[in-house]
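Engineer: Structure of the sequence below:
(2 chains)
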Amino acid sequence: MARKSHHVVPSKDGGWSVKKSGAERASKSFEKKDDAVKYGRGVSKNAGSELYIHKKDGTIQKKDSHGNDPCPPKDKK
Amino acid sequence: MEEFEKNIFINCPFDEEYYAILRPLLFTIIYHGYTPRIALECSDSGQPRLTKIQKLIMESKFSIHDLSRLQAGRKNEFYRLNMPFELGIDFGCRTFSSESHSEKRFLILEEESFRYMKALSDINGFDIKPHKNNPQELIKSIRNWFVETVNIRDAKSPTMIWYSFNDFWAYLDDTKTSEGFTKSEIDFMPIPEMIENMREWISKN
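Structural biologist: Residues are numbered from 1 along each chain as shown, chains lettered A, B, ... in the order given. Coordinates of the predicted model:
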């Protein structure tokens, strides 16, 4: 089953959008990336989902886990 | 013959800087059900590069030629001649080869509209679209070319394809991180591996 996730992605007008995985439309758009990340963190925490923060080229800059992390840190003992 | 109808020869730079364009380029082609054919798809040191390129051109009905590196970006950097040279070979194949090759269709990409006129005005009249070194502009150009050239009627919007690409990259990042890959190894993975992962994800989503 696909995990729930939210994404901060570049939008066409040069700003940034927050969208749910698989969604055809963004939930909300912002001029500044920081504002989109802030909003995305709130939405993702409420939904218990992963938040992926993308770079301008679509690759991943950072990921915040608010649900079940599919890649948890390895046990170092 | 069936493969010929679905093959798209990709003629583009292979430097790391260009990966920002190459990743969504490959994704958009596979997203529309076509097969990208690229010189990096197999590594055979026994085969001269030009022989490999000739074969790819002969086997592909469609081609995407990116001429955006016609102009050097930095002082003392050479501009790239491989891309216009390979476009010339492809044009020759279409013009002088068999009947099926006369149906070959090209998309030429540039960074800005009409800049090519200063360096390669002979191609005036070809289908040339700008990508502005922007992945979203690139997706729009390729998607629209599919609609215009292959008559795809139910094409998703460029924004939807861009969102799918971002979803795919999150999936790839998760999967490969759990397999022990570093960020750089994921972002710059070998092209055949990237293509295979794109195919698999697109077929399931």
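Engineer: all helices of chain B, in order?
Structural biologist: Using DSSP state H, the helices of chain B run over B:2-6, B:19-31, B:49-58, B:82-96, B:135-145, B:158-178, B:183-187, B:191-204.
Engineer: remind me which residues of chain A are low pLDDT?
Structural biologist: Low-confidence segments of chain A (pLDDT under 70): A:1-3, A:67-77.
Engineer: For chain B, what's its nearest residue on chain A.
Structural biologist: Of all residues in chain A, A:Asp57 sits closest to chain B, at 3.8 Å by Cβ to the nearest Cβ. In this view, the C-beta of every residue, glycine as well, is placed from N, C-alpha and C.
Engineer: Could you measure from A:Lys63 over to B:Ile139?
Structural biologist: 23 Å (Cβ to Cβ, to the nearest Å).
Engineer: let me redo that: B:Asp90
Structural biologist: 23 Å.
Engineer: More neighbours: which of those two?
Structural biologist: B:Ile139 (26 against 23; other Cβ atoms under 10 Å in any protein chain shown).
Engineer: residues touching that one, list them.
Structural biologist: For B:Ile139, the contact set (Cβ atoms under 8 Å, 6 or more residues apart in numbering or on different chains) comprises B:Pro24, B:Thr28, B:Pro158, B:Ile161, B:Trp162, B:Phe165.
Engineer: Figure out which of the helices of chain B is closest to A:Pro10.
Structural biologist: For the helices of chain B, proximity to A:Pro10 was assessed by Cβ to Cβ; helix B:135-145 is nearest, at 7.0 Å.
Engineer: Okay, angle between the closest one and helix B:158-178 too, please.
Structural biologist: Interaxial angle, helix B:135-145 versus helix B:158-178 (axes from the mean of the first three to the mean of the last three Cα atoms, to 10 degrees): 120 degrees.
Engineer: got the angle for helix B:135-145 vs helix B:19-31?
Structural biologist: Here the directions of helix B:135-145 and helix B:19-31 differ by 30 degrees (the same axes, to 10 degrees).
Engineer: pLDDT averaged over helix B:135-145 - what is it?
Structural biologist: Helix B:135-145 carries an average pLDDT of 96.
Engineer: So the residue of chain A closest to chain B is in contact with B:Pro135, correct?
Structural biologist: Yes: A:Asp57 is within contact range of B:Pro135, at 5.6 Å (criterion: Cβ atoms under 8 Å).
Engineer: Between those two, which contacts overlap?
Structural biologist: With Cβ under 8 Å, 6+ apart, A:Asp57 and B:Pro135 have common neighbours B:Ala20, B:Arg23, B:Pro24.
Engineer: Quick check: the gap between the nearest residue to B:Ala155 once chain neighbours are set aside and B:Leu25.
Structural biologist: What sits nearest to B:Ala155 in space, not counting adjacent residues and going by Cβ to Cβ, 6 or more residues apart in numbering or on different chains, is B:Val147, at 5.2 Å. Separation of B:Val147 from B:Leu25 (Cβ to Cβ): 17 Å.
Engineer: who has more neighbours, these two?
Structural biologist: B:Leu25 (25 against 14).
Engineer: got the contact list for that one?
Structural biologist: B:Leu25 neighbours (Cβ under 8 Å, 6+ apart): B:Ile10, B:Cys12, B:Pro36, B:Ile64, B:Asp66, B:Leu138, B:Ile142.
Engineer: how does it look with 7 Å?
Structural biologist: If you count contacts by Cβ atoms under 7 Å, 6 or more residues apart in numbering or on different chains, B:Leu25 has them with B:Ile10, B:Leu138, B:Ile142.
Engineer: And the pLDDT for the residue in chain B positioned nearest to chain A?
Structural biologist: Closest contact between chain B and chain A, by Cβ to the nearest Cβ, is at B:Ala20 (3.8 Å). Listed pLDDT for B:Ala20 reads 97.
Engineer: and the nearest residue to it once chain neighbours are set aside, how many neighbours does it have?
Structural biologist: Excluding its sequence neighbours, the residue lying closest to B:Ala20 (Cβ to Cβ, 6+ apart) is A:Asp57, at 3.8 Å. A:Asp57 has 17 neighbours, counted by other Cβ under 10 Å.
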